[in-house]
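Asks: Generate coordinates for the sequence data below:
(5 chains)
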Amino acid sequence: MPPKYNIHTSPVPNRFQSITKSGVIAWEEGCLKCARCVKKECVYKVYEKRSLDTRQMLDTLDSECQDCFRCVQNCPNRLIQKGLNPTYKVLGDHYWTPEIISSLWFQAETGRIPVSGGGYGGPFSGPGFDAMWTDMSEIVRPTRDGIHGREYISTNVDLGRKLMFLELGPDGSIVSPAPPLVEIPLPVIFDILPWSPPREKINLSLLECAQSLGTFTVVRQSDLTPDLEKYLPHIIVHVDGKPENLPPELIKRLRMIEIPDSENVMAVQAMLKEENPQLVVIIRMPLNSNASERALQLTGQGAEVLHLYADEYGLEEVDQPLFIKERVKEIHLRLVEEGVRDQITLIASGGIAMAEHMAKLIICGADALTIDIPLLVAMECRVCRRCKEGIACPVEIDQVDPAWGSARIRNLMAGWHNQLLEIMGAMGMREVRRLRGEMGRAMFFEDLEKEIFATMGKRG
Amino acid sequence: MKTDSRLKRVLEKGHFAVTAECGPPKGADPKVIKSKGKILKGFVDSVNVTDNQTGVVRLSSLAACVLLKKEGLDPVLQMTTRDRNRIALQSDILGASALGIRNVLCLSGDHQSFGNQPQAKGVFDVDSVQLVQLVRQMRDNGVILGGDKLSEPPRLFIGAVANPFADPFAYRAIRLGKKVAAGAEFIQTQCIYNLTRFNEWMDKVRDLGLDEKVYILGGITPLKSARMAEFMSKQVAGMDVPDEIINRMKSVPAREQRQEGIKIAIETIQALKEARGVHGVHIMAIEWEEAVPQLIEAAKLFPRPQV
Amino acid sequence: MPSEPQKFDFPDIKEVPSRFRNALGRYRIAINKSCNNCGLCIELCPYGVYKKGAKWPKAACDHFCTGFTCSINEFYCVNRCPEKAITVTVNPAFEILGDRRWTADLLASTWHMAETGEIPHQGLNYKTGDSGGGFDKLRFIFPKENRGNEEGFEDVSTAIELNRSDDSRPKITIPVPFYLGGMSFGSVSIITMLSRVRAAVALGTFCCTGEGGYPEELMDYDDHIITQVATGLFGVREETIKRVRIVEFKYAQGAKPGLGGHLLGDKVTPRVAQMREAVEGSALFSPFPFHSVYSVEDHKKHVDWIKETNSKALVSVKVSTPTDVDMVTVGSYYAGAHIVQLDGSYGGTGAAPDIAKKNIAMPIEYALPKVHKFLLAEGIRDKITIIASGGIRTAYDMAKAIAMGADGVCLGTADLVALECIRCHHCESGRGCARGIATTDEELTGLMELEWGTRRIINMYMAWRHQLIAILKKLGMKSVTELVGRFDVLAHLDYIKQEEIEGELERF
Amino acid sequence: MDQKSAGLNITIFFCQQLDANQDANRRVLERELGSRIKFFPLPCSGRIEPLHLLRALETGADRVYLIICPEGACRYREGNLRARKRLAFAQGLIEEIGLEPQRLELIQTTQGDQLTIDQRAHDLLARKAAFGPNPAKLQGSRGQANNARTLEPMNPGTPDVYQGVHYDYSGKKTFI
Amino acid sequence: MITAERKPLSEIKEMIAPYKKILVAGCGSCVAECASGGEKEVGLLASALRMDAKMEGRKIEVNEITLDRQCVYEFIDQLTGLVGQFDVILSLGCGAGVQALADVFAGVIILPALNTAFIGQTKEAGLWIENCRACGDCKLGYFAAVCPITRCAKGLFNGPCGGSKDGKCETDPDAPCAWQLIIERLDKAGRLDLLQNVYPPADWSKQQGKGPRKIHREDQSI
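Replies: Numbering: from 1, shown residues only, chains lettered A, B, ... in the order given. As a prediction, this is how the structure comes out:
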């Protein structure tokens, strides 16, 4: 039995009121102050807890209300109305939707996975990750470890190059030394943030959390400061300057390092590995139409880990971009076809906003992935990108206490981990390593539509 | 038995009674009352002395009545329930009787908010109807409220007021009946300008047979000017000055308006004399007492009968 | 064809207004202070929006208001009010009510049907939601000649047969092509449960107990109850299996396919605990799957066990929709099931992880044709009853599901909406449903009355039946059984254009 | 001197129905003026309460504007009417403490003008600075966090779950 | 319910001038209904007082609390343990609330921030009208449930007086004449006969007894 991996959670309150979908539009004038006032009968005690946050001029009525409408429907003078909160509507953007952001807030605050009653209320399908369903097991293909075995479902992944076979010397000894592998307990790494307010405290939050989870945070070489030293075992240094400038003693103490793809990237890898043979080198390369070719090439040249990145919307930074899941699928299948898939580790990033994206991207062929914006959202970011424009962060993320920040991210990761277990549990799988590339255990919108609906309405 | 109240005697004898009003001064000088009494003496059967009218502090009605009595007039003591509770009211009634006052007019009084003491606490312990009843009980049964016996009952001719012009109109005659039932013996009405309405009211009064149970004195106030007519129409509570009267006042030049006012008053008095069930007039020449003799002569109500 | 049912006496409609003081509708009416209490509005409005109030008229039923479209009528109150005291505005609540699947329109129209038993007149879309796919993009193609009049409604049969096998077990015909799905005692209140059961009795159909035991209050209705044997076996006893005419195996549920059932500790009250033979206050998990079923053969043993225990009962198997849903169905048939219930992923009334509801298993709209075609190819389609569930919200969904290959449907959420569920999605939290439907909290349970609940559900389904018959008539069908598998009467808006079809596309 | 160059702190409450793109539009000014300008979008100006206005002044605004919809255009029928009355009420209150009531000002927009929120704010900033800094504000700077929960400042029953650096990770798992 | 209005700020300021630590205590019942002493009004007054002190360069601390009801000991308990931290409690309760606080916290200075007005009815949003004087001897039965003591400016039992015009009172052209209402309603009820009764003077002893009135019910006290 492998040891159980379990992320402990504990509620971490918001510093700011969160923005919710509906708002109370209460006309106080004319209140009859009924003895049995609907406000007093609120099941959620929303009105009793009422207060005003003057930084945001936000009433707690809005963030605490669960929309049961009893007060709206029972107020004899019809003084309480509820309406759409326009601020919610403009939260985030078309991809980082208000629903995603508020779900991430909820997970970061409570450490619980979003559970709701009353069935699914969302759209039938959608673009990107929404055009895909995962499979489940039932009667003809049951699982051996259902929900109760879920603690024993492994979410560990290995990062590094794997040998396809062992080379043995004439005497039977192994001549090809196994390349270094780094094992992380869940397939998530914290990436460089695409934008953020000043990040001294933010970086500390990420590192503190990565350390407690047993995973890594990618930190730019230029952001490395002496006070981060104690986190070195959980830092992936992203070499954004000259690799020669990296102090050798630093390289020796690192477990992983990331270098941008370039013509001489293999030479840089060699140089780094010479300094520290136990170092796992990640090559960060953009997703585009050449990516599968390049991935194949780098695999052939001995690359260990490829970090395939798309933009914050999961799109390639080219004119006619493909969505990350399609390109990763293509790369994975190409490497499978060439018979080299298992030699290399693929990390994917860009547009991963929900736990389900993690599972789906792994099904499409990634071994692990990195996340960025959700980390900020865990710290109450509203994805307004004001910081990017040089405006002060409305929720003061630059001021967070690293202990608070890391606890929030930890909660979020616990939520994601548990949701990954849900998906795998339903599929009857015990290893996230086995989930990788299992496209046969998924259903794709395009295929199903073609099979079912496109033929309808025809006679016979 | 010959009563001390001249007014009562006049009415009982079936004469058309004439009373006038006398407002006490805003000061302690008795001469003002005396001179007003002198003007009116011989022209009227009784003189009403107002009780801090419109809530303005004036020389007390009781004191003024005594002064007039001394001048040989028959005063009517007006008593409002606004300023005194039942203890004070009953005590003053006894005092008035002892001082030889023989007429009392019971009314609730203008609201204190109109006068120069708007912060005063309005007493209104009893209302006008209750006051009538209370005086009647004191006089006829010799008891005060609660039933305590008086050693000597007061002797008073008991009056009340009626306003045929206030709303709700339909109820006005009923209310008069109520005052009669409470014990009122004579009634003085609000100033009459709208004869039509007054007659309507009188019809109802007659229907109820009240004209045979109580003496009704129509209120007359000669207008001094068109401005006064307008003011009374708009600003004075319970007053009904029809437009035609105002227009008539306006139609004459300013210096002739007083005369026109007198004319209107005379015409009204003539009309009242004709009306069945009207037993006299009550002339309220506000701060214009000198007009009263002229008016009474012109209305052919002079000389007053000897009773 | 089902055996000719004896003429079933459907219940009457009796108006059952909202439990709450102010029903929610699309429009709100305000009467301002200038109202002179003339009462004209009360006289004018044919929809009964206005009622006499203590002092002034009240727009007590403004959920019946047809809004601005009414302005063409001479009885339009806003124009006619002599004091111009009436204003009509869009209810701001309407923009936040509901979700993509159960839109505000659908909620309001379901409430309307539950209140009046009639099709809503307010211009609400009572046929489809806004999910952007599946049922919401499917439309009936009606032949051009109009058969939509009200004549001969009673000649159209809506009955279906539940036992289509050749075994010796009883035939069970239900006069409507649906029964009510399992909602356990614990997940919903006893009042909710009884309201559903009693409505099922009135409609001559069935209601499933769900996986929370068989409360004794239900005993009077044994003949209309399907009892559920689920993975947790909560409350399952031999005598409960013997009492009923249909026993249902629940392998999975569409809202959380591949996951077990789950009742949070808060909802495990003493009564619930006793019923489930569990400990008060502790969360209850049903495992997934049956720990004794790892193959079709194991499955058959299960079915045999039930058949042994109750020699007259039909066996239903409730499954979700994995990629190989067709194989699962065939497997169930060979294991001896009479009914296979395919539970798609949009239903579910209890708590489920969002990730499961959204992502796991395929929508019912895909699963039905897949299964239907496969069974046809296997030559066993007419030996088994296929019941679709999981996201059937309207009479139109029901008809579409049947046209896509189901014999009938199984319903749950719609009942709760009839009971004024507002779909706040908080059934699972705290004391449970704030509106007293999905709760075991005594105080909250007290928010609803049994007779009220029963009537609301009956009213809604009577309105559904009416709509179903209208659809069948327009299609020229005499029985709902003719509709099964008729893909040709359906079109998907994304793939078929109006000009490409013979007939007319259903509007909305 | 105009209000902008006078360095005044401006707070603007506004009805969000006026500018669908308010969040983007107002950024020009937020970038330029930092914490000197604060925007509080309201779902309806009827959501404003006198307390909001007072607290805005108390926490550092020199001038507070409330921008409301044109007459008769309120999405919620009478929100803007109520907003007007509430502002007047707050004005009365600050006048009583000797603060210029004009520091709170109602701006009613006119039917048909298509101004964005930043354009409106620009106009307000360009107005002559009739007042100096607000003598009643409690903090000098308003960039600072102010956690005051004004309606219920004393709630001894709420434990501070987040205390300093140490978390209690031993709490029982709260999965679903 | 009992209505009240906030005192002018100048009067409140003068009262609290000597004190530094002030607790503004609202009441969630009657005075909340008439929007003079509820949670919101507490917030507004506290905010205004803080700003005022700041403007005058005084350092004061103003805290806020709103009790469910100030006139009941069980609710006043919400203050127990808090009062000691303050120099003064500024009560936004009615007169009963202020006195109840003072009764419990003897030795603490309790100041009234409201002027208690009357017992009345919420006529419409923002309009409260007095309709009961608590005379202790209710005669509404004779007067078609319109209280002449409260609603007639002169308290006439045998009205209306001569000042009633167009259904309005002579003292206030906006105020309905109570007697007009009485007559109309008696008419509707077919009880105009009641108008002919001469009602005796009221028994004021039930209102102005000896000192504060009290009701003592044996059956209600254990």
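
Asks: When you work out contacts or count neighbours from here on, use the C-alpha atoms and nothing else.
Replies: Fine.

Asks: Name the nearest residue to C:E297, sequence neighbours excluded.
Replies: C:A335 (7.3 Å; C-alpha to C-alpha, 6 or more residues apart in numbering or on different chains).

Asks: Do I have it right that that neighbour meets C:I306?
Replies: No. Distance between C:A335 and C:I306: 11.8 Å, which falls outside the contact criterion (C-alpha atoms under 8 Å).

Asks: Same drill for the two, tell me which one is more crowded.
Replies: Using other C-alpha atoms under 10 Å in any protein chain shown as the criterion, C:A335 and C:I306 rank with C:I306 on top: 22 against 18.

Asks: CA atoms only for stretch C:79-96 - export them in PDB, please.
Replies: The C-alpha trace of stretch C:79-96 is given here as PDB (Å, rounded to 0.1, in the frame of the first residue of the first chain):
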ATOM      1  CA  ASN C  79     -53.800  52.600 -20.100                       C
ATOM      2  CA  ARG C  80     -57.200  52.300 -18.600                       C
ATOM      3  CA  CYS C  81     -56.400  53.200 -15.000                       C
ATOM      4  CA  PRO C  82     -58.100  56.600 -14.500                       C
ATOM      5  CA  GLU C  83     -55.400  57.800 -12.100                       C
ATOM      6  CA  LYS C  84     -52.500  56.300 -14.100                       C
ATOM      7  CA  ALA C  85     -51.500  54.600 -11.000                       C
ATOM      8  CA  ILE C  86     -50.300  51.300 -12.500                       C
ATOM      9  CA  THR C  87     -46.800  50.500 -13.700                       C
ATOM     10  CA  VAL C  88     -45.600  47.300 -15.100                       C
ATOM     11  CA  THR C  89     -41.900  46.500 -15.100                       C
ATOM     12  CA  VAL C  90     -39.900  43.400 -15.800                       C
ATOM     13  CA  ASN C  91     -39.300  41.600 -12.600                       C
ATOM     14  CA  PRO C  92     -35.500  42.000 -11.900                       C
ATOM     15  CA  ALA C  93     -35.600  38.600 -10.300                       C
ATOM     16  CA  PHE C  94     -36.300  37.000 -13.600                       C
ATOM     17  CA  GLU C  95     -32.800  37.700 -14.900                       C
ATOM     18  CA  ILE C  96     -31.200  35.700 -12.100                       C
END
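
Asks: In a helix, B:L223, correct?
Replies: No. Secondary structure of B:L223, determined by DSSP: H, G, I helix; E, B strand; the rest coil: coil, with no helix assignment.

Asks: pretty sure it is in contact with B:G261, am I right?
Replies: Yes. B:L223 is within contact range of B:G261, at 4.4 Å (criterion: C-alpha under 8 Å).

Asks: Between these two, which is the more surrounded one?
Replies: Per other C-alpha under 10 Å, whichever of B:L223 and B:G261 has more neighbours is B:L223, with 26 against 21.

Asks: what's near enough to touch A:L346?
Replies: With C-alpha atoms under 8 Å, 6 or more residues apart in numbering or on different chains as the criterion, the residues that contact A:L346 are A:305-308, A:365-368.

Asks: Domain ranges for chain E, per the record?
Replies: Taking automatic domain parsing as the reference, chain E has its domains at E:2-118, E:133-206.

Asks: buried residues in stretch A:76-89?
Replies: Applying a neighbour-count criterion of 16 or more other C-alpha atoms under 10 Å in any protein chain shown, the buried positions in stretch A:76-89 are A:76, A:78-89.

Asks: got those residues as TSV, with secondary structure columns?
Replies: Putting those into TSV (three-state DSSP) gives the following:
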residue	secondary structure
A:P76	coil
A:R78	coil
A:L79	coil
A:I80	strand
A:Q81	strand
A:K82	strand
A:G83	strand
A:L84	strand
A:N85	coil
A:P86	helix
A:T87	helix
A:Y88	helix
A:K89	helix
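
Asks: Okay, helices next: where are they in the stretch 401-508 of chain C?
Replies: Under the criterion DSSP state H, counting those that start in this stretch, the stretch 401-508 of chain C contains helices at C:413-418, C:442-445, C:450-474.

Asks: does chain A sit close to the shortest one?
Replies: So that's helix C:442-445. No. Residues of helix C:442-445 contacting chain A under C-alpha under 8 Å from any C-alpha of the partner chain: none, with a closest distance of 8.9 Å.

Asks: helix/strand/coil for E:P18?
Replies: Secondary structure of E:P18, per three-state DSSP, is coil.

Asks: Can you point out the buried residues in the biggest helix by length in chain D?
Replies: When chain D is parsed with DSSP state H, its longest helix is helix D:79-96. For helix D:79-96, the neighbour count (16+ other C-alpha under 10 Å) marks D:79-84, D:86-88, D:90-91, D:93-96 as buried.

Asks: related to what we said a few turns ago, pick the most buried one from the helices of the stretch 401-508 of chain C.
Replies: Of the helices of the stretch 401-508 of chain C, the one with the most neighbours on average (mean count of other C-alpha atoms under 10 Å in any protein chain shown) is helix C:413-418, at a mean of 26.

Asks: Who are the packing partners of that helix?
Replies: helix C:104-116, helix C:450-474 (3 or more C-alpha pairs under 8 Å, 6 or more residues apart in numbering or on different chains; DSSP states H and E).

Asks: Out of the ones you listed, the one nearest C:F185 is which?
Replies: Closest approach to C:F185 among the helices and strands packed on helix C:413-418 (C-alpha to C-alpha): helix C:450-474, 14.9 Å.

Asks: Pick the one among the buried residues of stretch A:76-89 closest to chain E.
Replies: A:L79 (10.7 Å; C-alpha to the nearest C-alpha).

Asks: That closest one contacts A:K33, doesn't it?
Replies: No. With contact defined as C-alpha under 8 Å, A:L79 does not reach A:K33; the gap is 11.2 Å.

Asks: any idea how far A:L186 is from C:N125?
Replies: With distances defined as C-alpha to C-alpha, to the nearest Å, the gap from A:L186 to C:N125 amounts to 46 Å.

Asks: Compare the two (neighbour count), which wins?
Replies: Just comparing A:L186 and C:N125: by other C-alpha under 10 Å the higher neighbour count belongs to A:L186, 23 against 18.

Asks: With pLDDT and distance to B:G142 as extra columns, can I get the buried residues of stretch A:76-89 in TSV?
Replies: What follows is these, written out as TSV (pLDDT from 0 to 100; distance: C-alpha to C-alpha, whole Å):
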residue	pLDDT	distance to B:G142
A:P76	87	59
A:R78	87	63
A:L79	87	63
A:I80	89	66
A:Q81	88	69
A:K82	90	73
A:G83	89	76
A:L84	88	79
A:N85	89	80
A:P86	87	82
A:T87	89	83
A:Y88	91	85
A:K89	89	86
